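**Q** I need the structure of the sequence given here:
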Amino acid sequence: MYFIAHLTVPAIAALLFIALEGSQAAEPMALAHLIDNFVQWYLFFAAPHLAWSVITSYFDARKATTVGGFLGGHVLLFGVILIFPVFASSHAGAFLYLPISPVAFAAGALIGRRYFTRQARFTA
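**A** Residues are numbered from 1 along each chain as shown. A predicted model of the protein is given here:
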């Protein structure tokens, strides 16, 4: 169930990215254009999240590792969107997301696994 919750974060990021791009003037097809942009950016931002979901469910990873990886991806996702608004017109910041995302997911998974392992040791 937590997979679905984590896959909504790219939708929020896509909406935020479209909002930072600048609003459209009152055009006749403005809503259709917004929906088209949302679908494109959602698929772009959700691709690493979907890949992480498939990998962790295929290898039956622990929940701490899976959630840690998702959190690493979320930090990278919002970091790219909020730190690089200067590149909003060229989308250069967004394209940094794809090559860096495997590293962010792996780092988040490692941190999540270590954190929850340490928590289990202290509570036992």
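**Q** what pLDDT does T123 get?
**A** Predicted confidence (pLDDT) for T123: 69.
**Q** helices or strands up against the top helix by length along the chain?
**A** Across the chain, the longest stretch assigned as helix under DSSP state H is helix 30-58. When contacts are defined as 3 or more C-beta pairs under 8 Å, 6 or more residues apart in numbering; DSSP states H and E, helix 30-58 sits against helix 2-7, helix 9-21, helix 63-83, helix 92-95, helix 97-123. Every C-beta, even on glycine, is put in place using the N, C-alpha and C of the backbone.
**Q** Please identify the most buried of those.
**A** Of the helices and strands packed on helix 30-58, the one with the most neighbours on average (mean count of other C-beta atoms under 10 Å) is helix 63-83, at a mean of 20.
**Q** wait, what's in contact with W52?
**A** Contacts for W52 (C-beta atoms under 8 Å, 6 or more residues apart in numbering) come out as T66, G69, F70, G73, F105.
**Q** which one of the residues you listed sits closest to Y97?
**A** Nearest to Y97 out of the contacts of W52 is G73 (C-beta to C-beta; 9.2 Å).
**Q** And the pLDDT at the closest one?
**A** What the model reports as pLDDT for G73 is 91.
**Q** list the contacts for it?
**A** P48, H49, W52, S101, A104, F105, G108.
**Q** What sits closest to it if chain neighbours are left out?
**A** Excluding the flanking residues, the one nearest G73 by C-beta to C-beta, 6 or more residues apart in numbering is F105, at 5.1 Å.
**Q** Isn't that neighbour up against G69?
**A** Yes: the pair F105 and G69 qualifies as a contact (C-beta atoms under 8 Å) at a distance of 4.3 Å.
**Q** so where is this structure shaky, pLDDT-wise?
**A** Applying pLDDT under 70 to the chain picks out residues 1, 22-28, 85-94, 120-124.
**Q** The same query, at a cut-off of 90, please.
**A** 1-41, 43-45, 52-54, 56-68, 76-100, 112-124 (pLDDT under 90).
**Q** hang on, the earlier thing: centre of the chain to the longest helix of the chain, how far?
**A** When distances are taken as C-alpha atoms, centre = their mean, to the nearest Å, helix 30-58 is centred 9 Å away from the chain's centroid.
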